[in-house]
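[1] fold the following for me, if possible:
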Amino acid sequence: MNLRPDTDNYFELFINDIPLMDVRAPVEFDKGAFPSAANIPLLDDGQRQQIGIRYKNAGEQEAVELGLQLATPEIRAQRIKAWKDFCRQNPQGYLYCFRGGLRSRTTQSWIREQGVEFPLIKGGYKAMRRYLIDELETSIDAVPLVIVSGLTGSGKTRVLLQISRHIDFEGIASHRGSAFGRNAGDAQPSVIDWENRVSIEFLKHRYRFPDKPVFVEDESRRIGRICMPEYLYQKMQAAPRAILEVDIDDRIQLISEDYILDAWPQYQATHGDNAEIEFRRFVLDNLKRIQRRLGGEKYKMVNQCFESGLQGFFTNNSVAGFMDGIKILLTDYYDPMYRYQLAGKSAPIIFEGPEAEYLEWAESYLHG
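    Numbering: from 1, shown residues only. Take a look at the predicted model:
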């Protein structure tokens, strides 16, 4: 039998999306993990806390003994079965705990007793996280960016996803990046999870397309509750911009599709009988978030439009009632804000055009 050695080749793990078995407690996993990792813990949250206290007060040996006491035959059998299933399904995988220490070795030992050899990752989660933080900074320095820019409702995300080399920050964040950007029933990842995934995406681009640009969408510092690393945000502010041009009627239609027609089935699937209540809250509460910046009179006008629009939508599935309110939001709030921000940027504009021309130009730019 060829036994695979333990590894600290983090580059190969991430670039190849190697399956990872995370044996940390669920509370640790929820704070931050990796996209190819499955959480199959050695200890649950309560056990981890008990053993941590024992380790601090009495040392490693006492902590190990407490762990053995907590691992009843039934619990041990459940853990081993889950680990063996993962090992069988992912023969090229690796396991890790926080530092690659006691929990990793214990897991290895228990499954080895069952005839299963499975390597661990040296340094564990802590070392891999440090690696991705460092590599993200390196990537941001090394990878040329092109910013997909354009007025709100231009369909920037739709265009971005059609470009062969791109990173979708909003998709990774499960948020569209605006006041109305939250996805129904789809919680945002932790900031650490977002950073890890973005770092891995950049790493793949550096490896596969060295010195070649990658397209990203114009973003503010925050995407929902995800705060973008400052050095990434500053790199984006200085990067050349390619502006997507779409007339206002098409933008209104795109917004009604993205935020009403496409969002409604998500609320039905997530909230069932309460879907109308929750969808109404989504529309009106998010509008209220920009009430102060929109101004009292304009807010009242848009709110009335949206109240009427919701009633018409629930009655006959028509978005017509939203159109006037969306137009006010664009012409009186989003468009002036975009133009003001664009005027304050010193970055060059390297292309302006509609979708078909934009996509043709983007591929030519990438492969030229």
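
[2] helix or strand for Trp264, just tell me which one.
    In this assignment (DSSP states H and E), Trp264 forms part of helix 263-271.

[3] in that helix, what counts as buried?
    263-264, 266-268, 271 (16 or more other C-beta atoms under 10 Å). Every C-beta, even on glycine, is put in place using the N, C-alpha and C of the backbone.

[4] closest to Tyr233 out of the residues you listed?
    Ala263 (27.3 Å; C-beta to C-beta).

[5] need the strands for the stretch 151-300 of the chain, in chain order.
    Along the stretch 151-300 of the chain, counting by DSSP state E, counting those that start in this stretch, strands occupy 166-167, 214-217, 222-223, 226-227, 241-244.

[6] and the fourth one, what's its mean pLDDT?
    Think strand 226-227. Mean pLDDT, computed over strand 226-227, is 92.

[7] centre of the chain to it, how far?
    Centre-to-centre, strand 226-227 and its host chain are 10 Å apart (C-alpha atoms, centre = their mean, to the nearest Å).

[8] packing partners of the helix or strand harbouring Gln61?
    Counting by DSSP H and E, the element that carries Gln61 is helix 60-70. Packing partners of helix 60-70 (3 or more C-beta pairs under 8 Å, 6 or more residues apart in numbering; DSSP states H and E): helix 45-58, helix 102-112.

[9] what sits up against that helix?
    Applying C-beta atoms under 8 Å, 6 or more residues apart in numbering, the contact partners of helix 60-70 are 43, 47, 50-52, 54-55, 102, 106.

[10] filter these down to the buried ones.
    If we count by 16+ other C-beta under 10 Å, the contacts of helix 60-70 have these buried: 43, 47, 50-51, 54-55, 102, 106.

[11] now those residues in CSV, with pLDDT?
    Output for the buried ones among the contacts of helix 60-70, formatted as CSV (pLDDT from 0 to 100):
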residue, pLDDT
Leu43, 87
Gln47, 86
Gln50, 88
Ile51, 84
Arg54, 87
Tyr55, 85
Leu102, 86
Thr106, 91
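
[12] let me know the closest of the residues you listed to Asn317.
    The nearest one, if we look at the buried ones among the contacts of helix 60-70 relative to Asn317 and count by C-beta to C-beta, is Leu43, at 50.4 Å.

[13] helices or strands up against the biggest helix by length in the chain?
    In the chain, with assignment by DSSP state H, the single longest helix is helix 296-316. Applying 3+ C-beta pairs under 8 Å, 6+ apart, one finds that helix 296-316 contacts helix 275-289, helix 323-329.

[14] mind listing what's buried in the longest one?
    Of the residues in helix 275-289, those buried by neighbour count under the rule 16+ other C-beta under 10 Å are 275, 278-280, 282-283, 286-287.

[15] do stretch 243-258 as well
    For stretch 243-258, a neighbour-count test (16+ other C-beta under 10 Å) marks 243-244, 246, 251-256, 258 as buried.

[16] coming back round to it: check which residues of the helix holding Gln61 are buried.
    Neighbour count says helix 60-70 has 63, 66-67 buried, by 16+ other C-beta under 10 Å.

[17] ok, now stretch 210-223?
    Result for stretch 210-223 [16+ other C-beta under 10 Å]: buried residues 213-219, 223.

[18] now do it: distance from first to last residue.
    This stretch, stretch 210-223, spans 28 Å end to end (C-alpha to C-alpha, to the nearest Å).

[19] what comes into contact with it?
    142-150, 156-157, 160, 163, 165-170, 173, 175, 177, 181, 202, 205, 227-228, 233, 236, 241-242, 362, 365-366.

[20] could you do stretch 132-140 as well?
    Contacting residues not belonging to stretch 132-140 are listed as 10, 14, 195-196, 198-200, 202-203, 205-206, 229, 231-232, 235 [C-beta under 8 Å, 6+ apart].

[21] can you flag the buried ones in those residues?
    Buried subset of the contacts of stretch 132-140 (neighbour count, 16+ other C-beta under 10 Å): 10, 14, 195-196, 198-200, 202-203, 205-206, 229, 232, 235.

[22] if you look at these, which of them are in helices?
    Short answer: the buried ones among the contacts of stretch 132-140 in helices (DSSP H) are 10, 14, 195-196, 198-200, 202-203, 205-206, 232, 235.

[23] of the residues you listed, which is the nearest to Phe313?
    Val198 (35.4 Å).

[24] near the nearest residue to the closest one once chain neighbours are set aside, how many other residues are there?
    Excluding the flanking residues, the one nearest Val198 by C-beta to C-beta, 6 or more residues apart in numbering is Ile172, at 6.1 Å. Per other C-beta atoms under 10 Å, the neighbour tally for Ile172 reads 21.

[25] distance check, Ile172 against Val146.
    To Val146, Ile172 is 18 Å away according to C-beta to C-beta, to the nearest Å.

[26] now the angle from the worst-scoring helix or strand of the chain on mean pLDDT to helix 102-112?
    Scoring the helices and strands of the chain by mean pLDDT, DSSP states H and E places helix 60-70 at the bottom, with a mean of 81. Helix 60-70 and helix 102-112 meet at an angle of 50 degrees, taking axes from the mean of the first three to the mean of the last three C-alpha atoms, to 10 degrees as the criterion.

[27] helix or strand right after helix 60-70?
    Next along from helix 60-70, by DSSP H and E: helix 73-89.

[28] if we can go back for a sec, could you dump the buried residues of stretch 210-223 to CSV with pLDDT?
    Output for the buried residues of stretch 210-223, formatted as CSV (pLDDT from 0 to 100):
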residue, pLDDT
Pro213, 96
Val214, 97
Phe215, 98
Val216, 98
Glu217, 97
Asp218, 95
Glu219, 91
Ile223, 90
